[in-house]
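Colleague: sharing a model that was predicted from the sequence below.
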Amino acid sequence: MKLTNQQQQILAGGQGPFLAKCLGWLVDWGDAMGARRLVPVSNTHALVTVPGNLVYGAGEKPLQAAMELLTSACQHRVRCLSTSHITFAHEDQYEEIELPPEQVAAQQQVERMARDAGFLMTYTCAPYLVGNVPVKGEICAWTESSAVVYANSILGARTTRHGTESAIAAALLGWVPEFGVLLDENRRAALQVDVTAELHTPTDWGALGYFTGKAAGLDVPVLAGAPQPSQEDAKQLCAALASGGGVTMCHIAAVTPEAPTLEDALGGRPPTRCITFGQEKLRSTYAELRTHTGQQIDTVILGCPHASLAEIAEIAAGLRGKRLAEGVKLWVCTAYSTRAVAQRLGYATMISQAGGYLFCDSCPTNSMRVKAKRIVTAGFKQAHYARGMISAEVIVDSLAGCLKAALTGRWSEDQ
Ligand code: F3S
């Protein structure tokens, strides 16, 4: 990769060992991916906290390495708008999830340092819901695969899938290696998915995303014939695209900013493959993530990716004046800023009076503090990961279906 004089000077340690290390990561990554240069980045979304899966899932060494990385990184200042991914849990919920005291101290220390380094501590997997909304063509460096697909496909911004180190390096240096979907030629669609199924709910869009993600692998798909999605539809689509496969961006013809037509999405070439998502595929995609062996359920998880205010309002309306079935736990995951509005408007009270729980700044899979045997969720991504990370049976259904299960304690296909 060709570096400028300034970049060479940083790489040689001219601005200290940590920034030299950061630049080294970006150069090595860029070299491996065939990048020719580093380009300016103006927006990052980085994991600058210690989420539960690192504490409970990875063991002591990765946790120590993460603490060292964050401590070094936070001695510097960010160079562009930088928001933060999820954390373990919001501080007023430590007790509820029984966070060990030593973890509380580490968590608070890291979060204070990150704030002082200039990171905007949004604590969410859906930064586009809480004010980080890059514009068309803006170069970003985002972690969180669902948000990456959303940024590329719905907003028309440009970001590859970042990990913790690369997003932090980008935030502190203001550059990213130029490869993948940062370049026009890699944003053209190759796989055409003709959508003939009727999509009635955001979870139906999740099914479309899960099916397409699995079929696409690393290709860029284009959805032809799909209706205009709502923000919640797009959120489910993008999360499922990223968990069903390794998709970084997807075009929706006439929706994605750079794809006013199907031909534009394909870049004037014919697709390399063409498949159809019809009613039967919609049904079989749901069936794939319904691994239950009985009807009784104990846990309902909503807000994956983090719930929007509109979703919280819908949940509150569905629960108002009712009670969850005995023994059922309902988690509604969201960012604390969204929860603050939900509290102001009374939605949070309606949910808690019914026995539900508005869980902030994380989610059960990532905090790894949920014990469940059979989960119902409206998110294909949550179901995909809950199987392994919570070792629970899963059922995916629409938000209405999830609420019904929460109120009755049972789920069946014909409910
Ligand atoms: Fe967010 Fe957790 Fe889903 S981090 S995308 S709610 S798995």
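Modeller: Cool, the structure landed.
Colleague: the stretch 1-150 of the chain: helices as residue ranges?
Modeller: 5-11, 17-33, 52, 60-73, 101-116, 145-150 (DSSP state H, counting those that start in this stretch).
Colleague: same list, the ones you listed, but as a markdown table with mean pLDDT, distance to Ala307 and mean neighbour count please.
Modeller: Yep, even glycine has a C-beta here, placed from its N, CA and C like the rest. Listed next are the helices of the stretch 1-150 of the chain as a markdown table, based on pLDDT from 0 to 100; distance: least, C-beta to C-beta, whole Å; neighbours: other C-beta atoms under 10 Å:
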| stretch | mean pLDDT | distance to Ala307 | mean neighbour count |
| --- | --- | --- | --- |
| helix 5-11 | 98 | 41 | 14 |
| helix 17-33 | 98 | 33 | 17 |
| helix 52 | 62 | 19 | 25 |
| helix 60-73 | 81 | 27 | 15 |
| helix 101-116 | 85 | 22 | 15 |
| helix 145-150 | 98 | 13 | 26 |
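Colleague: out of the ones you listed, flag the one nearest Ser82.
Modeller: Checking the helices of the stretch 1-150 of the chain against Ser82 by C-beta to C-beta gives helix 101-116 as the closest, at 9.1 Å.
Colleague: residues touching the closest one, excluding its own?
Modeller: Where contact means C-beta atoms under 8 Å, 6 or more residues apart in numbering, the residues beyond helix 101-116 that reach it are 48-50, 55, 67, 70-71, 74, 84, 87-88, 91, 94, 99, 121.
Colleague: tell me the angle it makes with helix 60-73.
Modeller: Angle of helix 101-116 versus helix 60-73, following axes from the mean of the first three to the mean of the last three C-alpha atoms, to 10 degrees, is 30 degrees.
Colleague: can you tell me the closest non-neighbouring residue to whatever residue of the stretch 151-300 of the chain ends up closest to the ligand?
Modeller: Per C-beta to the nearest ligand atom, Ala239 is where the stretch 151-300 of the chain lies closest to the ligand, at 5.5 Å. Sequence neighbours aside, Ser146 is the residue nearest to Ala239 in space, at 3.7 Å (criterion: C-beta to C-beta, 6 or more residues apart in numbering).
Colleague: and the one you found, what is it in contact with?
Modeller: Cys125, Ala126, Lys235, Cys238, Ala239, Ala242, Ser243, Pro305, Lys381.
Colleague: over to Val376?
Modeller: Contacts for Val376 (C-beta under 8 Å, 6+ apart) come out as 297, 299-301, 394-397, 401-402, 405-406, 411.
Colleague: just the residues you listed: which are in strands?
Modeller: Thr299, Val300, Ile301, Val394, Ile395, Val396 (DSSP state E).
Colleague: what is the neighbour count of the first one?
Modeller: In this case it means Thr299. Using other C-beta atoms under 10 Å, the number of residues around Thr299 comes to 24.
Colleague: please shift the residue numbers so they start at 38 in all later answers.
Modeller: Let's use 38 as the start, then, which means that last one is Thr336.
Colleague: quickly find the element holding the residue of the stretch 188-337 of the chain closest to the ligand.
Modeller: helix 268-281 (DSSP states H and E).
Colleague: what packs against that helix?
Modeller: helix 182-187, helix 239-253, helix 346-356, helix 417-426 (3 or more C-beta pairs under 8 Å, 6 or more residues apart in numbering; DSSP states H and E).
Colleague: what residues does the helix or strand following the second one touch?
Modeller: Elements were assigned by DSSP H and E; along the chain past helix 239-253, the next helix or strand is strand 258-261. Outside strand 258-261, the residues within contact range by C-beta under 8 Å, 6+ apart are 226-232, 245, 249, 252, 278, 284, 287-290, 296, 299, 302-303, 308.
Colleague: partner strands of strand 258-261, parallel or antiparallel?
Modeller: Next to strand 258-261 in the sheet, as set by DSSP bridges, lie strand 228-232 (parallel), strand 288-289 (parallel).
Colleague: what distance separates the shortest one from the middle of the whole chain?
Modeller: The one in question is strand 288-289. Relative to its parent chain, strand 288-289 has a centroid offset of 18 Å by C-alpha atoms, centre = their mean, to the nearest Å.
Colleague: thinking again about what came up before, out of the strands paired with strand 258-261, which one sits most buried?
Modeller: Highest mean neighbour count among the strands paired with strand 258-261 (mean count of other C-beta atoms under 10 Å): strand 288-289, with a mean of 26.
Colleague: what's the helix or strand just after it packed up against?
Modeller: For strand 288-289, the following helix or strand on the C-terminal side (DSSP H and E) is helix 299-303. With contacts taken as 3+ C-beta pairs under 8 Å, 6+ apart, helix 299-303 sits against strand 258-261.
Colleague: mind running it again at 10 Å?
Modeller: Identification of packing neighbours for helix 299-303 by 3 or more C-beta pairs under 10 Å, 6 or more residues apart in numbering; DSSP states H and E yields strand 228-232, strand 258-261, strand 288-289.
Colleague: off-centre distance for the second one?
Modeller: Taking C-alpha atoms, centre = their mean, one finds the center of strand 258-261 at 21 Å from the center of the full chain.
Colleague: hey, which helix or strand in this structure has the poorest pLDDT?
Modeller: Counting by mean pLDDT, DSSP states H and E, the chain has its least confident helix or strand at helix 89, which shows a mean of 62.
Colleague: quick one: contacts for the residue lying closest to Ala347 once chain neighbours are set aside?
Modeller: Excluding its sequence neighbours, the residue lying closest to Ala347 (C-beta to C-beta, 6+ apart) is Glu269, at 6.6 Å. Shown in contact with Glu269 (C-beta atoms under 10 Å, 6 or more residues apart in numbering): 166, 238-240, 242, 342, 344-345, 347-348, 351, 415, 436.
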